[in-house]
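Enquirer: next come a sequence and a model predicted from it.
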Amino acid sequence: QLQALIFDVDGTLADTERDGHRVAFNAAFAEAGLDWQWSVELYGQLLAITGGKERIRHFIERERPTLPPGADLTDLIANLHQAKTRHYTALLAQGGIPLRTGVKRLLQEAKTAGIRLAIATTTTPENVTALLQHTLPESLQWFEVIAAGDIVPAKKPAPDIYHYTLEHMGLRPQDCLALEDSQNGLQSAQQAGIPTVVTVNDYTQAQDFSGAALVLDHLGEPGDPFQVLQGTAGS
Ligand code: XBP
Ligand code: MG
């Protein structure tokens, strides 16, 4: 019996990566006087590394190993990431990033049916709050757990964030359904034993989703997404 839906945020609730996170990273780099520019294509490759701080570190180590004079790597990353979060939440406040098709309806239908709701994401709590605030503010009360960012040391594809969520909800993995958009996210949920529905996007459509309960283009069609999802929950 399905008891809870656990949502990934980036790529799943909304298409935040190309026109949100990526743009905010570039704004932070420019503000710091760095001539780094993450193109749409390069960013697609960098998405293999989850977590903004981890992604910046990977880029520096691979592409810009010579730091500005006197710079400390960890401080530099922390400062850039803080600026990036500021730019990202400002972008969301402009209202330019809507929820993906079908998300609002699924959340409302789940709530009406007494299905519990949670979030498991690698992004920061500020970013989750900002996204929901500017798309569906009442939903901030609907999620009983918002597990985000550095709350666990190992980010997706590690299962830690899903373990954390299950533990805090007192639920078994087979009573939940995870909603993800990426292979890293699917692996994270899968390793925690949670059946997973994948809604692909431009960055993830060519990835390997073997083991997913269902792979969809989006949650809007066909028919009633909630019925489809109930049918995929474990027994
Ligand atoms: C999303 C991410 C995030 C965002 C950046 O992964 O990898 O890192 O791109 O967020 P998932 P922060 O959807 O699998 O959770 O910069 O706030 O870390
Ligand atoms: Mg995602």
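Expert: Perfect, thanks for sending it. Ligands and ions are numbered 1, 2, ... in the order given.

Enquirer: neighbours of whichever residue of the chain sits closest to ligand 2, how many?
Expert: At 3.6 Å from ligand 2, G11 is the closest residue in the chain, using CB to the ion. (C-beta placed from N, C-alpha, C; glycine too.) G11: 26 surrounding residues under other CB atoms under 10 Å.

Enquirer: can you pull the phi/psi pair for the closest residue to F59 other than its chain neighbours?
Expert: Nearest residue to F59 in three dimensions, chain neighbours excluded: L46, at 6.3 Å (CB to CB, 6 or more residues apart in numbering). Note on L46: backbone dihedrals following degrees, to the nearest 10 are phi -70, psi -20.

Enquirer: what's the closest non-adjacent residue to the residue of the chain closest to ligand 2?
Expert: D181 (3.5 Å).

Enquirer: distance check, that neighbour against A90.
Expert: Applying CB to CB, to the nearest Å, the value for D181 to A90 is 24 Å.

Enquirer: A154 now?
Expert: 29 Å.

Enquirer: burial of the residue in the chain positioned nearest to ligand 1, as a residue count?
Expert: Per CB to the nearest ligand atom, the residue of the chain with the smallest distance to ligand 1 is G52, at 2.0 Å. By other CB under 10 Å, the residues close to G52 number 23.

Enquirer: residues from this structure in reach of ligand 2?
Expert: By the criterion of CB under 5 Å from the ion, the positions of the chain lying close to ligand 2 are D8, D10, G11, D181, S182, G185.

Enquirer: cutoff 6 Å now
Expert: For the chain, the residues in contact with ligand 2 (CB under 6 Å from the ion) are D8, D10, G11, T12, D181, S182, G185.

Enquirer: my read: the fifth one touches D202, true?
Expert: When you say that, I think you mean D181. No: using CB atoms under 8 Å, D181 makes no contact with D202, being 10.2 Å away.

Enquirer: show me where this structure has its helices.
Expert: 22-31, 40-46, 52-63, 73-93, 103-112, 125-135, 160-169, 183-191, 225-232 (DSSP state H).

Enquirer: picking that back up, who has more neighbours, D181 and A90?
Expert: Each of D181 and A90 has its neighbours counted (other CB under 10 Å); D181 has more, 26 against 12.

Enquirer: state the distance from the more buried one to Q207.
Expert: Going from D181 to Q207 by CB to CB gives 9 Å.
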